[in-house]
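**Q** What follows is a predicted protein model with its sequence.
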Amino acid sequence: MNVAAMASDEKLLALFLAGDDDAFNELAGRYAAKAYQLALWINPEHGDEAEDIVQEIFIRLHKSAAAFGGRSSFKTWFYGLARITALDWRRSFYRSVFGKISVRVDSENEYFDMPAPEAADDALPDGGFESERLHAAMEKLPLKLKLALMLKEWEEMSYEEIADSMSVPVGTVRSRLHNARALLAGMLRENKP
Amino acid sequence: MKTQCGFSKYLNAYLDGELQEPLNREFIAHIADCPSCSAAMSALRRTQGLLRAARPRELPAGFYARLEHRLKEVKRPRRAVMALGFEWRLAAAALVLCLLFAGAAWLPERPSKSGYFTPDIEQGRDSDCISPDGRIS
């Protein structure tokens, strides 16, 4: 039995700090694909650089592993680190091209309506819906919304954990998830084959 | 959800298991009788199912080998002092000792009454001090 595969993220980090490189590799195996998706979303114009961003995320993790204080779960801490690293990359790109920082800010005040319930139930695609179409719809969502949705649906984080990871209040997480689902449902309905 | 129902604002929190009691129980009872909320919840669950079934995009081939190669260039995190070699640690300790001895040699033998260190003003009286009223002690 592979002990590392059974261990919690926090245990793996402790093992790595004690000198076990396999523990770090196990952590990378658990999070690299999701970090890659996050890098693609944050820097959609530079998909070819997404791998470099993910490597930078893991190098930062490698260097700053000892800074994990255990006040939150590793998962919460890691996504905070990954988000900041990918955003830093984006900022440095804009700085190098335009000489100034250009960061898009999505409005928190908008509140999107879900499709009318009487139409929604059979308007959404069934289980045979291609993953590619779902990704295409996800990519159209504002960054903050898809990050919140990713942490909720793929990582099954609580509102509080998402708030901690994204450095926003819990109420903001609630509205981001509502808006993300409303927009996504609308887009999926439009794109139904 | 765009419904006329006052409970619709709780749909997402219920779906995410974030609705607190007793509101949670109230909502469950409500949704059984409300076609509007029931349809909306059904749509939300379907979207959620699609999302959970979707996986992140695949990593480029050879990603882990390249990551491992780059990580070899990164030193394992250690405390700054421990990251130094033994010789450097010994040299740093010797330097600190030298600085301590040098500092001690520069200190006056006894402090002035005013508490201020003053320079020598008379030959042969290395450590004399001048009090604020001008007297030499």
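**A** Right, received. Where do you want to start?

**Q** So, low pLDDT: which residues of chain B?
**A** Of all residues in chain B, those with pLDDT under 70 make up the ranges B:1-4, B:75-86, B:107-137.

**Q** Show me which residues of it sit near chain A.
**A** B:1-3, B:12-13, B:16, B:18, B:36-37, B:39-40, B:42-44, B:46-60, B:63-64, B:66-68, B:70-71, B:74, B:76-77 (CB under 8 Å from any CB of the partner chain). Every C-beta, even on glycine, is put in place using the N, C-alpha and C of the backbone.

**Q** Selection in ChimeraX covering whichever of those are buried, please.
**A** Only the buried entries of the residues of chain B next to chain A go into this ChimeraX selection, using 16 or more other CB atoms under 10 Å in any protein chain shown:
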select /B:1,3,12,13,16,18,36,37,39,40,43,44,46,47,48,50,51,54,56,57,59,63,67,71
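
**Q** Name the helix or strand of chain A that has the lowest mean pLDDT.
**A** Least confident helix or strand of chain A, by mean pLDDT, DSSP states H and E, is helix A:117-123 with a mean of 45.

**Q** starting at the chain centroid, how far to the longest helix along chain A?
**A** Criterion DSSP state H: the longest helix present in chain A is helix A:74-98. Centroid separation for helix A:74-98 versus its chain: 12 Å, with CA atoms, centre = their mean, to the nearest Å.

**Q** Kindly report the same for stretch A:14-26.
**A** From the chain centre to the centre of stretch A:14-26 is a distance of 24 Å (CA atoms, centre = their mean).

**Q** State the mean pLDDT of it.
**A** Computed over stretch A:14-26, the mean pLDDT rounds to 90.

**Q** what helix or strand does A:Arg133 sit in?
**A** Element membership of A:Arg133 [criterion: DSSP states H and E] is helix A:131-140.

**Q** And that helix, what does it pack against?
**A** Packing contacts for helix A:131-140, counted by 3 or more CB pairs under 8 Å, 6 or more residues apart in numbering or on different chains; DSSP states H and E, involve helix A:143-153, helix A:170-190, helix B:35-53.

**Q** Let's have those helices in a markdown table, adding distance to A:Lys75.
**A** As requested, these are exported to a markdown table (distance: least, CB to CB, whole Å):
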| stretch | distance to A:Lys75 |
| --- | --- |
| helix A:143-153 | 9 |
| helix A:170-190 | 15 |
| helix B:35-53 | 16 |
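
**Q** between the ones you listed, which gets nearest to A:Asp164?
**A** Of all those, helix A:170-190 sits nearest to A:Asp164, with 9.3 Å by CB to CB.

**Q** What is that closest one packed up against?
**A** On a contact count with 3+ CB pairs under 8 Å, 6+ apart, helix A:170-190 meets helix A:117-123, helix A:131-140, helix A:143-153, helix A:159-166, helix B:11-15, helix B:35-53.

**Q** a markdown table please, covering those and showing distance to A:Arg83.
**A** Putting those into a markdown table (distance: least, CB to CB, whole Å) gives the following:
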| stretch | distance to A:Arg83 |
| --- | --- |
| helix A:117-123 | 31 |
| helix A:131-140 | 16 |
| helix A:143-153 | 7 |
| helix A:159-166 | 7 |
| helix B:11-15 | 22 |
| helix B:35-53 | 19 |
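
**Q** mind checking which of those is nearest A:Phe74?
**A** Nearest of the helices and strands packed on helix A:170-190 to A:Phe74, taken as CB to CB: helix A:159-166 at 11.0 Å.

**Q** is any part of that closest one close to chain B?
**A** Yes. Applying CB under 8 Å from any CB, one finds helix A:159-166 in contact with chain B at A:Tyr159.

**Q** That helix to helix A:74-98, inter-axis angle?
**A** With axes from the mean of the first three to the mean of the last three CA atoms, to 10 degrees defining the directions, helix A:159-166 sits at 40 degrees from helix A:74-98.

**Q** list the buried ones in helix A:159-166?
**A** A:159, A:161-166.
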